[in-house]
Each structure stands twice: as C-alpha cells, then as structure tokens.
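Visitor: What follows is a predicted protein model with its sequence.
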Amino acid sequence: MKKSHVKVFVRTRPTARVYEGLKIDKDGESITITFPKEESLGFINNQLANLTFKYDGVLENVSQDIVYNICAQEAVDSVLSGYNATIICYGQTGAGKTFTMSGDAHNYAHRGVIPRALHHVFREIDLRTDRLYKVHVSYMEIYNEALYDLLSDKPAASDSLSVLDDASNTVVRGLTKVEVHNEEEALSHFFLGSQGRSTAVNVLNSNSSRSHLLFSLYVEMRTSAEASERALISKLHLVDLAGSERTKKTNASGEQLREASCINKSLTFLEQVVNALARKDTHVPFRQSKLTAALRDALGGNCKTVMIANLWPEAMHVDECVSTLRFASRARCLETEAVVNESDDPGLALHKAERQIRELKQELAMRDMLSGRGRVVYEDLSAGEQLELQHLVTRYLSGTAELDELPVDSLKHIRETYKAFRVVAGAWATAAATGHAGPQQNAASLSGGQGSMLDSDAGGVGDVDTSQGAGFCIGTAPQQARPAASAGAPGHSGGSTGSFASTPRAPGHQQHGQQQQKQQPFGQPADQQVLGFSAGGVSGGVDRNAWFSKYKHSIPQGRRQSDILKQQQQQVAELKQQIKVGPAHSGTVSFKAFDGALSLSSTHMHAHTLQQQETLCLPVNATACLALLQMCSHSD
C-alpha cells in the first residue's frame, strides 16, 4: 500500500479579456498572480504584491481531448486494474466546470471527461478478451442538502438514500445501479439523468448548476482462469461541483438565494475537511454535509484522486481565482492510499479455498509417492471406517491388538484415533454406571472372541461337581424358572436347609397344571421344575442322588414324570428297532427343540414311495435328554 498525493490541474476559461496580472510559467506547472498597489494607501504600502502557486499542470486554451489525456486518462486506466478513482471539478460559477465534465452534447469534438471516460472504459474492455468485465452506473444529485437518485423511476428526494461508510469503503444505500453492456447504454443513462438536474439562469451563467452531481461507474473484473474464485471491484466517481458565487455579483434572490446559500455552505464544509486533512488533525468533520460524506474516500481514503480547478481569468474575478487557487493548493497536500480491491463475496472465497485444498492434497500425494510411503488417505473417514477404528482401539485396550496396528500415517488418522479412544472410554464409563457388561467383556465381544460365551457357561453342563465327590452338575436354572413348591415336598416348612424352594419364585409364576411352563432349548441348563432344586439349594453333606431318587418315588409329580419317561423310552426303543428292519428301508432320525418339547422324527423311505413319517414329541427335561443321548450313543 503506497501513499500518493492528490493530483491537481488548473484549467483557465478562454476569454478575450484576460487579466494581465495572471501569468503562467514556462514549465506549465506554476501560475503567478500579481496585484496592483492602490495609490490611495500612501507611500508606505504593505499590500501583497503577488502570489505563486505550483500544481501538476496548468492548462490554458486547450481542447477537450488534451484535458482528458492529461488529467483523466491515468485515473481511468487504474479503475480497469482494480483501483478506485475520483475526478473532481471545482471553481466559481461560470468557470467551465460542467463543460469540462460533460461537454457539449451537440458537438462530438467537445465531449467532456464523462463521455470520454465511458468510451475509454468500454474500448479497453473490448480489447482485453482474456478478462470478464461487468459495469454498472449510478447518477446522484445533492440539491439543498438532499440526495436525489437521477436514474430512479421516481427521482424525487427519498429518505431511503443515506451515505454509509466504514474504514475502507463509502456507499450510498438505496442508490440505483444500472448494469450497462456497451458505451451507448451508458451514455443514454448519463444523458437521461442530466435532464433531471437542477439548473438556473443568473447574471454570470445562462445554465448555472444549482446542485452537486456524482456520476459513478462500478467495474467488476475477473480473469478467465480465476473467474470462479477471484474478482476485482473498483469504482470511478466523476464529480461536477456547483460553483461558488457571490450574491452581490449574481443578484440572486428568492429560491436562487437559498440554493446559493446551500452551495456555499457545502463548499465551506468541503474546505474545512481539506484543511483538517492537510493539518492531519485527529478529527475530520466528514459528516458535516452530504457532499463531504460522499467524497470521504476521494479526499483521504482508498482512492486515486484528481482535481481540476477551473478559473475565469478576468480582472473582475481575481478574488474568486485566488480563492480557487488557494483551495486547490491545499487539496494538493492531501494523501490517499489506493489499493487493489478484491471482492469480499463469500462464494468466491469458498471456491478459492477449495482450489487451494485440492492443490495441497496433490502435493502431499506426490511427496508420499516419491518417499515410498504408498497411498496415504487425507480425506475424512466414513462412518464405517470410524466404527472399524473404534473396534481396533477396543482390541488394543483389551490386549488383543498391538500398538503398531493403530494408524499413525497422517495427522487426520491420529486425530481420528484420539476421537475413537474418547468414544470407547465414554462407552465403558456408561456401561460401568448402568451396571451392564464391564470393559473387559465389551472388549472381548467387539474383538470377536469367545470369552464372554465361555464365561456365561461357567458352572454349566459337563462341569464335574468336585464339592460333593459324586455325579456332575447339569446346569443352573434361571430364577424365573423355579417351579411352584409342592405341598408334599420334603422340608416344605420354612427354615429347612434342604428345602426345594430355598430361592424365591419370580413374580407371575403359575402352579403346575394351570399354565404350561416354558422349557429350555436342547443343550441349555435343565429345568428346575423337573429337578425341584437348584445347584446351591442343597446343603453340603446331602447326596444329590438320594434327593433325586426321593423325588421320583415319593413326590406325585416325580412319579408321573418317571412313568411318562419309561413309556417314551419304550417307544424310542421300538422306533429304533423299526428303523433297523431290512435293507429295503432307509431312514433318518432328527431331533428338534420347539415349544418346550423335543421332536423325534423318523422318515422311512422305500425305493420309490414315501411309506410313513412318524413324529414323537417328548418333554424336555434333564432325565429325558440324558436318556436320549445315552440311547443314541449305544445304538452307534
């Protein structure tokens, strides 16, 4: 960011009665005004003899194209490169400000700065085929400290127009911006808005401007390669200020007197702002008037500013010429900081960030390939990959996975591994708080081990009962499967250590004969309703076989079950004998567990026809299962 001074040029109005005391130096940059001494002041006269002012250029009797090439062309070129620019015409009424900015609409050679700037902009756009441009125009008038939108359908003063500013930009909220595609459209909007401007006739000017005008171009430029992610935005303000006037010369009255008062007041505030900026005061009164608020960027902000001071070099206007030259000299001391303006559109920033991410990923992939690391994934993990990583972390915590198996080939994987540790730890903490399976059992189940199944079978079928020294344990029945206590059972009266009902029954348990009890599937622990006691329900020192024999012979329910078992054993024996009859018959025997009963199916196949199918449903209890298994082993 480089600071630059406001460029100031002086243009004199052609006249046949040029003041003899106004001289332009040969360098074309200085102008000197000499004041004749008044003899009435006497011999000792301290009156100022002359004043010399130096500018960036002094133009005398030059054409419109020379004025544009010297004063405005550089500023317009900077707009096409992304910089903001402002061209201001200042001077007394009748000095030629409007002619300099707008020119003569009836003479093509006398076009002003605004038409020539529009031609320059669209000509350069047509030549720069590798770039994409979009141009909008606006036209605003400040009349009696009120804002008017000259391109609106209703150009009357509106409260919706207001000047807003921040640290780097000044905008007029509610101002109409019309998109134009060529020079003809832009000129048509300019001439249409000029018809609505306020003018009046006075002694010094037959077409005097009674308001300040701001015609603005807004240019958006994108390169073809970066059209979707980078855009340069710039604006060009072309300002035609109303001329300062002395009412004793213009003989203004009525409405014109009020207009002249507002014009002079706004120009006075403009001079105060320029003086404050030149002195580098801590406070600059930009908000004293609408004009100074709208020109905030042009006077000391992000902008390249050019001022054209118009003079009427006649003897009767010497005082106004001196006032204009002094103001222009102070304006030349101002500094601005023009920078290239990039669009702050979040969509463009998003496209740019996505492109940079893609390029960085490609560089990482190339580096990994050259270093022999193989393909490293830098994308986000999917839901399945995150679940797999959590399983791996669980296995590592349970001791079934090694540290080398954890992924550490990229920063993304390391972060995801930390997240997986947090998820697993949270799951274990929740399980511990709710009293569910502990961390070790969760780890075993997630890792696919059989530890939890083995733990659940501890004390099950096939374990030798070493505490009693005889027989083996046939399993532990769940609490809800305990049968109803029989009235004739030994030790039915409470307090006996050998009671069959030593453990409380589960709620909702019905008496035998009222509701058929659910039987355990084949291979599960035996039903307590058949045995009548649990593994821990018999006190040590009492033989289990004695209790079982007593159950079969002394208890009615046991006797009935024993009789049924004998009948079913006899039926099974007969069925096996039938299966073994003759070579012409072949059959298979299958056992199924369903609805709490064991199904024994025998299918006899003849050579060509299905002879018969017999199915025996046997109640599943410990004694029946053991008898069937023993019988099948003997038959083999």
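Guide: Great, that's in hand.
Visitor: all contacts plus neighbour counts: C-alpha atoms, from now on.
Guide: OK.
Visitor: How is L164 assigned, secondary-structure-wise?
Guide: strand (DSSP: H, G, I helix; E, B strand; the rest coil).
Visitor: number of nearby residues for it?
Guide: Other residues within reach of L164, judged by other C-alpha atoms under 10 Å, total 12.
Visitor: D126 now?
Guide: Neighbour count for D126, taken as other C-alpha under 10 Å: 13.
Visitor: Which of the helices or strands spans it?
Guide: Following DSSP states H and E, one finds D126 within helix 113-127.
Visitor: could you point out which element follows that helix?
Guide: Following helix 113-127 toward the C-terminus (DSSP H and E): strand 131-143.
Visitor: Just the CA coordinates for that next one, please, in PDB.
Guide: The C-alpha trace of strand 131-143 is given here as PDB (Å, rounded to 0.1, in the frame of the first residue of the first chain):
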ATOM      1  CA  ARG A 131     -10.900 -11.000 -18.900                       C
ATOM      2  CA  LEU A 132     -14.500 -10.700 -17.900                       C
ATOM      3  CA  TYR A 133     -16.000  -7.400 -17.100                       C
ATOM      4  CA  LYS A 134     -19.300  -6.200 -15.600                       C
ATOM      5  CA  VAL A 135     -20.100  -2.500 -15.500                       C
ATOM      6  CA  HIS A 136     -22.900  -0.600 -13.500                       C
ATOM      7  CA  VAL A 137     -23.600   3.100 -13.500                       C
ATOM      8  CA  SER A 138     -25.400   5.400 -11.000                       C
ATOM      9  CA  TYR A 139     -26.200   9.100 -11.000                       C
ATOM     10  CA  MET A 140     -26.800  11.100  -7.800                       C
ATOM     11  CA  GLU A 141     -27.600  14.700  -7.200                       C
ATOM     12  CA  ILE A 142     -27.100  16.700  -4.000                       C
ATOM     13  CA  TYR A 143     -29.600  19.600  -4.000                       C
END
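Visitor: average model confidence for it?
Guide: The average pLDDT within strand 131-143 is 92.
Visitor: Give me the contacts around it.
Guide: For strand 131-143, the external contacting residues (C-alpha atoms under 8 Å, 6 or more residues apart in numbering) are 125, 147-151, 175-181, 186, 190, 193, 197-198, 210-224, 227, 259, 290-291.
Visitor: So among those, which ones count as buried?
Guide: Those of those that meet the buried threshold are 125, 147-151, 175-180, 186, 190, 193, 197-198, 210-223, 259, 290-291, by 16 or more other C-alpha atoms under 10 Å.
Visitor: quick revisit: among the contacts of strand 131-143, which ones are in strands?
Guide: Applying DSSP state E to the contacts of strand 131-143, the entries found in strands are 147-149, 178-180, 212-223.
Visitor: And the closest residue to G174 other than its chain neighbours, how far from A349?
Guide: Of all residues not flanking G174 in the chain, L161 sits nearest, at 5.1 Å (C-alpha to C-alpha, 6 or more residues apart in numbering). L161 sits 30 Å away from A349, going by C-alpha to C-alpha, to the nearest Å.
Visitor: now swap in I24 and tell me
Guide: Using C-alpha to C-alpha, I24 is found at 53 Å from A349.
Visitor: Same question for I31.
Guide: 51 Å.
Visitor: Compute the number of surrounding residues for K550.
Guide: 15.
Visitor: Can you name every helix or strand that the helix holding D126 contacts?
Guide: Secondary-structure packing of helix 113-127 (3 or more C-alpha pairs under 8 Å, 6 or more residues apart in numbering; DSSP states H and E): helix 73-80, helix 97-101, helix 183-194.
Visitor: got those helices as CSV, with mean pLDDT and distance to M307 columns?
Guide: Putting these into CSV (pLDDT from 0 to 100; distance: least, C-alpha to C-alpha, whole Å) gives the following:
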stretch, mean pLDDT, distance to M307
helix 73-80, 93, 11
helix 97-101, 93, 11
helix 183-194, 93, 21
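Visitor: closest to A427 out of those?
Guide: With C-alpha to C-alpha as the criterion, A427 lies closest to helix 73-80 of the helices and strands packed on helix 113-127, at 61.9 Å.
Visitor: contact partners of the closest one?
Guide: Applying C-alpha under 8 Å, 6+ apart, the contact partners of helix 73-80 are 84-87, 117, 120-121, 219, 221, 234-236, 304-306.
Visitor: mind redoing it with 10 Å?
Guide: 67-68, 83-87, 113, 116-118, 120-122, 124-125, 133, 217-221, 232-236, 303-306, 338, 340 (C-alpha atoms under 10 Å, 6 or more residues apart in numbering).
Visitor: Now do it against strand 212-223, angle only.
Guide: On the basis of axes from the mean of the first three to the mean of the last three C-alpha atoms, to 10 degrees, helix 73-80 is oriented at 50 degrees to strand 212-223.
Visitor: what distance separates helix 73-80 from the middle of the whole chain?
Guide: Helix 73-80 sits 36 Å away from the centroid of its parent chain (C-alpha atoms, centre = their mean, to the nearest Å).
Visitor: Next: stretch 345-360.
Guide: Computed by C-alpha atoms, centre = their mean, the chain-centroid distance of stretch 345-360 equals 12 Å.
Visitor: For that stretch, the averaged confidence score.
Guide: 79.
Visitor: how close does Y551 sit to Q557?
Guide: Applying C-alpha to C-alpha to Y551 and Q557 gives a distance of 8 Å.
Visitor: Ignore what I typed, I meant Y139.
Guide: According to C-alpha to C-alpha, Y139 and Q557 sit 109 Å apart.
Visitor: Point out where the stretch 1-150 of the chain drops to low pLDDT.
Guide: Residue ranges of the stretch 1-150 of the chain with pLDDT under 70: 1, 41-43.
Visitor: please redo it, this time with the cut-off set to 80
Guide: Across the stretch 1-150 of the chain, residues meeting the criterion (pLDDT under 80) sit at 1-2, 37-47.
Visitor: what's the answer for the stretch 401-550 of the chain, then?
Guide: Checking the stretch 401-550 of the chain against pLDDT under 80 turns up 408-412, 435-550.
Visitor: try 90 this time
Guide: For the stretch 401-550 of the chain, the stretches with pLDDT under 90 are 401-416, 427-428, 430-550.
Visitor: out of Y139 and Q557, which sits in the more crowded spot?
Guide: Taking other C-alpha under 10 Å, Y139 and Q557 do not tie; Y139 has more neighbours (25 against 16).
Visitor: Apart from its neighbours in sequence, what residue is nearest the more buried one?
Guide: F215 (4.6 Å).
Visitor: check contacts around that neighbour.
Guide: 114, 137-141, 150, 190, 193-194, 236-240.
Visitor: Kindly recompute the last result at 7 Å.
Guide: S138, Y139, M140, H237, L238, V239 (C-alpha atoms under 7 Å, 6 or more residues apart in numbering).
Visitor: Narrow these to those that are buried.
Guide: S138, Y139, M140, H237, L238, V239.
Visitor: what's across from the third one in the sheet?
Guide: Here M140 sits in beta bridges with D149, L214, as judged by DSSP bridges.
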